[in-house]
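J.: model this:
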Amino acid sequence: MGFVSPCPRIRTSALRNPRFLLQRQAESVVVFLLKFGDKMAMEITQFLLSAQSPDANIRSEAEGNLRQFQEQNLPAFFLSLSVELSNDGKPPESRRLAGIVLKNSLDAKEAPRKEQLVQQWVAMDASVKLQIKDLLLRTLGSSVSEARHTSSQVIAKIASIEIPRKEWPELIAALLNNMTQQDRPATLKQATLETLGYVCEEISDQDLVQDEVNSILTAVVQGMNLAEHSPEVRLAATRALYNALDFAQTNFENEMERNYIMKVLCETTMSKEAEIRQAAFECLVSISSTYYDVLEPYMQTLFELTSNAVNRDEEAIALQAIEFWSSICDEEIELQEYETSENDDAPQNFNFIDKALSSLVPMLLETLLKQEEDQDQDDGVWNLSMAGGTCLGLVSKTVGDAVVPLVMPFVQENIQKADWRSREAATFAFGSILEGPTIDKLSPLVNAAMDFLLNAIKDQNSHVKDTTAWTISRIFELLHAPAGGFSVVSSANIQLVVGTLLESIKDAPNVAEKVCGAIYYLAQGYEDAGTNSSILFPYLPDMISSLLLTADRKDSNDSKLRASAYETLNEVVRCANLAEATHIIAQLLPVIMTRLGQTLELQIVSSDDREKQGDLQALLCGVLQVIIQKLSASDNTKPIILQAADQMMVLFLQVFACRSSTVHEEAMLAIGALAYGTGPEFGKYMPQFYVYLEMGLQNFEEYQVCAISVGVVGDICRALDDKVLPYCDGIMAHLLKDLSNGMLNRSVKPPIFSCFGDIALAIGDQFEKYLPYAIPMMQAASELCAQMDNYDEEMMDYGNQLRRGIFEAYSGILQGFKSSKADLMLPHAPHLLQFIEVVCKDSQREDGVTKAAVAVMGDLADALGPKMKILVKESCSFYAEFLGECLESGDDQLKETATWTQGMIGRVLVS
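T.: Numbers count the residues shown, from 1 in each chain. The predicted structure is shown next:
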């Protein structure tokens, strides 16, 4: 059995007396630091203690000293922190902070900063790094648990840098040596297992050879052994197994090894210690998704274990047991999507949920009765009832109609009981099965239940009201589609429906928030309903008034009620029939503008006041954006926007002056909509607005603001055409700087390329002066696309966005140059065609990329004409095959673009 073979023992004198040697090591490092000539290293303890002082002045001075030490002598700084962390004679407070600073000097959340820290470590002298790593490994044997724990984390951070570079080959062997030597203390084994877990969490399964994986699994699974180890060691081992599971693919393919792991893990779920049981169930949850295809032999045992945990164990363990079944549902829902796509390589669906249905559903229904008294007051609450209902919803999506006869008896039995828990559980169960079963199965039940639910929303118990409002919202979300021919709302009951909702929106904040959701989906259902939307029209004024009153409630900050009210208002406006509702929306416009103006007069005395002002301004800017978009959609209503544009723009510019990033985003989006709505008239606002546009384009830290600002540039280009030219030098300079900035989040870069296309389309041949800067960036990005990891889903998504952005840039430039300077693009045509060919051979490309690729092929042929003939002939087989694929697509827009492109290429070939 590969993974249980004991790893070779490493016998080194350095490990025989850890305490003595740790002291000797610290002494030698002190000598090293003195050689560095850095006195600050000797004062590190005091700096670290002072940095935690309650006195702000002392704290600030200490932080400055630490920063100065780090900047002046980074190797000595790192080494000093390692000595501090490793020295059992130092104060716990200074050791704790030393570890935290060291860890934070190796890793960061933001990718550019993380890369900077990685390079900083890589560039450090190898002998210094060796001493740091040696100190950290020895700290695993410290008598202080916090020092061991912190050292584990720092080792893992270094491992994440060095193991992929093959720079710390001895780490795994050194850790395993701690586990295989019998005389090692339990605390060292616990810290070692914790370290192995963290290392597995940080690195990729590609970074270790199979022998190392086998040895890690051996150490970890043996560490879970009840007879040989203390509870602390077994807990660390079980947690380490959780992080090592991704590495165990080969081991799970081997039946004997898999059986052994599953046997030990199942035994561990019955441990005496609750923490260990919870960790074991967490492993099972991970296995349920990672190794679904090999679970069949164990499912009966796993059902018994999870059922016992749900019915008899502590809540934390029961939650993990339910999560196991939720995870199985997720897997089978995904497998069903494979099956419907007629994919020949689809993995096998074992239908575990269907097979367990008759036992699983009753178990989940019982959990719904275990509510907490205050669960509706906290959005973040997660208890047995919530988990059971969520899992029941996933079961419903997985098996469809089959769940209904198992749930409805529970609903009917409990829905009218005197005990509020029974009524709430029955309503929750009903709401949970609304997605999955067919309309034919659900429609008679929902129609019969609607009047009952509209009455139950007035229940005396707040939990019942809350869940009833949520269930009504779900009904409108999933089963209210007048355009599709089915709705629970009709001319016969709409007055009762709307009247009940507008009365219930006055209830407690948590109930009112769910009612907002119901109104949101009620309005959304009529978006494409044509004449059917007329039945909602008479109620629009009352709905809008109620939502505005709800947003003004003194308790509206509770449960995000204010945000829910404004977001629902947006949806009511967006989905209204414009022909009917023009005057209602036109009357709403000055009301929202007045409210936005009032936020500028709020008294701001604290950062909390500033944040509340910013949140409210963002919501109001969001409403204005929707109103602008709605009224700009028709030539008949666009004059309303033109008339109010000056006043709106003044408000937006005043809002910008508040300097809140949230408001900046929403106001930017509203201005983008205004640019579209006002067209060439927007030019008069550019001198004042351009300052804020520049600020947005330079906002690297809040990259969402930067991304939205890039999008607004596109809106302005489409509105102003060549009148945007005076601002293009500055805009292009900022965009090129953004592309070159390693600190900017990569998600902003694809829209920048698209923006090049928008600018070129607006200013035509005037884009020529930017070509020497833009084209190399586009070509470099296209080469980056070719090198991306297709196994990384996140990178695949980013690659698709980047390709689309590059194609849109080329399309805009080609169309802009077409009339007079198309020849400027001739030298770049071979590279573009080659890029198109590479992209089109990628089966993972998204539909949007395909459409952009087809369009740019047509633009290339259209702009360059006969000069493309030789290039087209050389790529004949490729483009014919690609266009053939597009012409057979079920997407009408893609077929139309492909037909046009085929015509353009045909014209080139006969020229």
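
J.: Just want the most central residue of this structure.
T.: By CA atoms, centre = their mean, the chain has its centre lying nearest to Glu794, at 10.2 Å.

J.: Check which helix or strand it maps to.
T.: Assigned by DSSP states H and E, Glu794 belongs to helix 793-817.

J.: what's downstream of the lowest-mean-pLDDT helix or strand in the chain, the next helix or strand?
T.: Using mean pLDDT, DSSP states H and E, helix 18-36 stands out as the lowest-scoring helix or strand of the chain, at a mean of 45. Per DSSP H and E, the first helix or strand lying C-terminal to helix 18-36 is helix 44-50.

J.: Show which residues not belonging to that following helix make contact with it.
T.: When contacts are defined by CB atoms under 8 Å, 6 or more residues apart in numbering, helix 44-50 is touched by residues 40, 58-59, 61-62, 65-66, 69, 80-81, 83-84, 90-91, 93-94, 97-98, 101. The way it works is simple: take the backbone N, C-alpha and C, and place the C-beta from them, glycine included.

J.: Same check on stretch 551-571?
T.: 379, 509-510, 512-513, 516-517, 519-520, 523-524, 544, 547-548, 550, 612, 615-616, 619-620, 622-623, 626.

J.: please redo it, this time with the cut-off set to 6 Å
T.: 509-510, 512-513, 516, 519-520, 523-524, 547, 550, 619, 623, 626 (CB atoms under 6 Å, 6 or more residues apart in numbering).

J.: Same check on stretch 192-204?
T.: Residues from elsewhere that reach stretch 192-204 (CB under 6 Å, 6+ apart): 140, 152-153, 155-156, 159-160, 163, 175, 178-179, 216, 223, 236-237, 239-240, 243-244.

J.: likewise stretch 720-729?
T.: 683, 690, 716-717, 762-763, 766.

J.: Apply 7 Å and report the result again.
T.: By CB atoms under 7 Å, 6 or more residues apart in numbering, the surrounding residues in contact with stretch 720-729 are 680, 682-683, 686, 690, 716-717, 759, 762-764, 766.

J.: Which of those residues sits closest to Val605?
T.: Minimum distance to Val605 across the contacts of stretch 720-729 is 32.4 Å, recorded for Tyr690 (CB to CB).

J.: And for the closest one, nearest residue in space, chain neighbours not counted?
T.: Tyr727 (5.8 Å; CB to CB, 6 or more residues apart in numbering).

J.: so is that neighbour in a helix, a strand, or just coil?
T.: What DSSP: H, G, I helix; E, B strand; the rest coil gives for Tyr727 is helix.

J.: Let me know the pLDDT of it.
T.: Looking at Tyr727, its pLDDT stands at 96.

J.: Could you number the chain from 878 rather than 1 from now on?
T.: Fine by me, first position is 878 from now on; the one you just mentioned is Tyr1604.

J.: can you list the weak-confidence ranges in the stretch 1678-1788 of the chain?
T.: Applying pLDDT under 70 to the stretch 1678-1788 of the chain flags the ranges 1752-1754.

J.: Looking at the contacts of stretch 1428-1448, which two lie furthest apart in space?
T.: With CB to CB as the measure, no two of the contacts of stretch 1428-1448 lie farther apart than Asn1387 and Val1503, at 25.6 Å.

J.: Pull up the gap between Asp1769 and Glu1685, please.
T.: For Asp1769, the distance to Glu1685 (CB to CB, to the nearest Å) stands at 20 Å.

J.: And Ile1334, how close does it get to Leu1413?
T.: Between Ile1334 and Leu1413 the computed distance is 19 Å (CB to CB).

J.: the helices in the stretch 1178-1327 of the chain, which residues?
T.: 1192-1217, 1229-1244, 1261-1276, 1281-1291, 1297-1309, 1316-1333 (DSSP state H, counting those that start in this stretch).

J.: Output the contacting helices and strands for the longest one.
T.: Looking back up the chat, that one is helix 1192-1217. The contact analysis (3 or more CB pairs under 7 Å, 6 or more residues apart in numbering; DSSP states H and E) places helix 1192-1217 against helix 1151-1167, helix 1176-1189, helix 1229-1244, helix 1261-1276.

J.: hmm, who's touching the strand or helix carrying Glu1543?
T.: For Glu1543, the element it lies in under DSSP H and E is helix 1538-1555. For helix 1538-1555, contacts defined as CB under 7 Å, 6+ apart pick out 1491-1492, 1494-1495, 1498-1499, 1501-1502, 1505-1506, 1509, 1515, 1518-1519, 1522, 1525-1526, 1529, 1532-1533, 1559, 1566, 1573, 1579, 1581-1582, 1585-1586, 1588-1589, 1592-1593, 1595-1596.
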